[in-house]
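A.B. asks: below are the sequence and a predicted model; questions follow.
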Amino acid sequence: MLGIAFSADGIRVVAASNDALRSFVCEWPIGAGEPSVRELDDQLTAVAFGAHGEMLSARAGDHALVLKRGPEAADQILLPPHPSWVGALGLASDAHAAFWGDENGGVGIWRFGDVRGVRMLQRRGGRVDAIAVSADGRRLASAGHDGTVHVWDVEGSLVRTIRIGTDAVLALALSADGTRALTGGWEGRVGLWDVDAGDRILDLGSHDSRVSSVALSSDGRLALSGGFDATARLWRIRDGAELATLRGHRDAVVSVSISPDSALGATADADGIVKVWNLATASEIGCNEREGSMGAGGRSPFADIGRNTSVSERE
């Protein structure tokens, strides 16, 4: 599984995955609607989803970045020739720019329609495992094996380097305004950081194994993390309390997402199993059962999920 996200209106779950021969994108409605599975001709190494249905992907082999704005329309660019595997992507909220990180520590910007092509923000360092973009589109951040988080403004000027420590940073999210960073590391720790000061705000706790994905709610009150211990964990940002451990996956939880209204969480594991959770009750309320499954009879596996959930008891 490469990545999972809720749509901006919160009524669809979108996931991208690879198997041995192909890549595919699944879209499942939350409630009524037709699910879809779209096969892709290329193997992908990373994906990022935009606020309005866009999907940015990195293609294996030729290092091309491809932005899909719809079923047919696409932009693409070949990155400067180098042997680096692109393993992390981010997309600006208005889909005007893409950001990537590679295994040699390179981080770059691709501005759509800019005749100058791509711009490198850094060319070498520890492997980049995560890219995050703030919802307001003003800041982007990268993190990786060197135990640091680098934060830039959208013009490419370095704002802050945060030294997390010796622990490789494998997962990263930014708050909506880009002033806070949520990190997950190799040793299982989850932390919240003040971007402008470069200081740790609090330790949220830890998984029993390395953390592979983190997400912040749009209102900044909740955090969700997924780990190689096959769990996802829900945290309250106000005091760092662990509100729930979400169990049920049999393999590493490699991607997590929180719905725009903070009512639902989505988790995906390395076997391609996708689950949707009511975050107020920490209960599983939908599962795709197998990788690429559209549900029985072409019905979405999340068709029966209602939207009367509440996060009030979690605040």
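C.D. replies: Sure thing, it's come through.
A.B. asks: CA atoms for contacts and neighbours, from now on please.
C.D. replies: Fine.
A.B. asks: now do the strands in the stretch 151-300 of the chain.
C.D. replies: Remark: strands assigned in the stretch 151-300 of the chain by DSSP state E, counting those that start in this stretch are 158-163, 169-174, 180-185, 189-194, 199-206, 211-216, 222-227, 232-236, 242-246, 253-258, 264-269, 274-278, 283-287.
A.B. asks: quick one: closest of these to A48.
C.D. replies: Of all the strands of the stretch 151-300 of the chain, strand 253-258 sits nearest to A48, with 11.2 Å by C-alpha to C-alpha.
A.B. asks: for that closest one, name the packing helices and strands.
C.D. replies: Identification of packing neighbours for strand 253-258 by 3 or more C-alpha pairs under 8 Å, 6 or more residues apart in numbering; DSSP states H and E yields strand 3-6, strand 211-216, strand 222-227, strand 264-269.
A.B. asks: can you tell me which of the ones you listed is most buried?
C.D. replies: Ranked by mean neighbour count, the helices and strands packed on strand 253-258 are led by strand 222-227 with a mean of 29 (mean count of other C-alpha atoms under 10 Å).
A.B. asks: which residues in this structure form helices?
C.D. replies: When assigned using DSSP state H, the chain turns out to have no helices.
A.B. asks: please name the strands paired to the helix or strand of it with the lowest mean pLDDT in the sheet, noting orientation.
C.D. replies: One helix or strand of the chain scores below all others by mean pLDDT, DSSP states H and E: strand 74-78, with a mean of 78. The pairing partners recorded for strand 74-78 under DSSP bridges are strand 64-68 (antiparallel).
A.B. asks: what does the partner strand rub up against?
C.D. replies: Residues outside strand 64-68 that contact it (C-alpha atoms under 8 Å, 6 or more residues apart in numbering): E54, M55, L56, S57, A58, R59, A74, D75, Q76, I77, L78, L79.
A.B. asks: okay, how far is it across stretch 246-261, tip to tip?
C.D. replies: End-to-end distance for stretch 246-261: 19 Å, by C-alpha to C-alpha, to the nearest Å.
A.B. asks: report the buried residues of that stretch.
C.D. replies: Buried residues in stretch 246-261, counted by 16 or more other C-alpha atoms under 10 Å: 246, 249, 251-261.
A.B. asks: and stretch 53-69, by the same measure?
C.D. replies: Buried-residue list, stretch 53-69, by 16+ other C-alpha under 10 Å: 53-60, 63-69.
A.B. asks: quick one: V211 and G184 touch, right?
C.D. replies: Yes. Using C-alpha atoms under 8 Å, V211 and G184 qualify as a contacting pair, with a distance of 5.1 Å.
A.B. asks: overlap of the contact sets of those two?
C.D. replies: L170, A171, V190, S225.
A.B. asks: G220: what's its closest spatial neighbour, skipping adjacent residues?
C.D. replies: S175 (6.4 Å; C-alpha to C-alpha, 6 or more residues apart in numbering).
A.B. asks: pLDDT wise, what is A97 at?
C.D. replies: Listed pLDDT for A97 reads 88.
A.B. asks: what of R290?
C.D. replies: 59.
A.B. asks: how many neighbours does V37 have?
C.D. replies: Using other C-alpha atoms under 10 Å, V37 is surrounded by 16 other residues.
A.B. asks: I figured I4 was touching V256, is that so?
C.D. replies: Yes. Contact criterion C-alpha under 8 Å: I4 and V256 qualify, at 6.5 Å.
A.B. asks: what's the overlap in contacts for the two?
C.D. replies: By C-alpha under 8 Å, 6+ apart, the residues touching both I4 and V256 are A266, T267, A268.
A.B. asks: what about G113, neighbour count?
C.D. replies: 10.
A.B. asks: do you know how far it is from A95?
C.D. replies: 12 Å.
A.B. asks: can you verify my assumption that V159 contacts V149?
C.D. replies: No. Using C-alpha under 8 Å, V159 is not in contact with V149; the gap is 10.7 Å.
A.B. asks: what's the closest non-adjacent residue to W277?
C.D. replies: E284 (4.4 Å).
A.B. asks: the one you found contacts A266, doesn't it?
C.D. replies: No. With contact defined as C-alpha under 8 Å, E284 does not reach A266; the gap is 9.5 Å.
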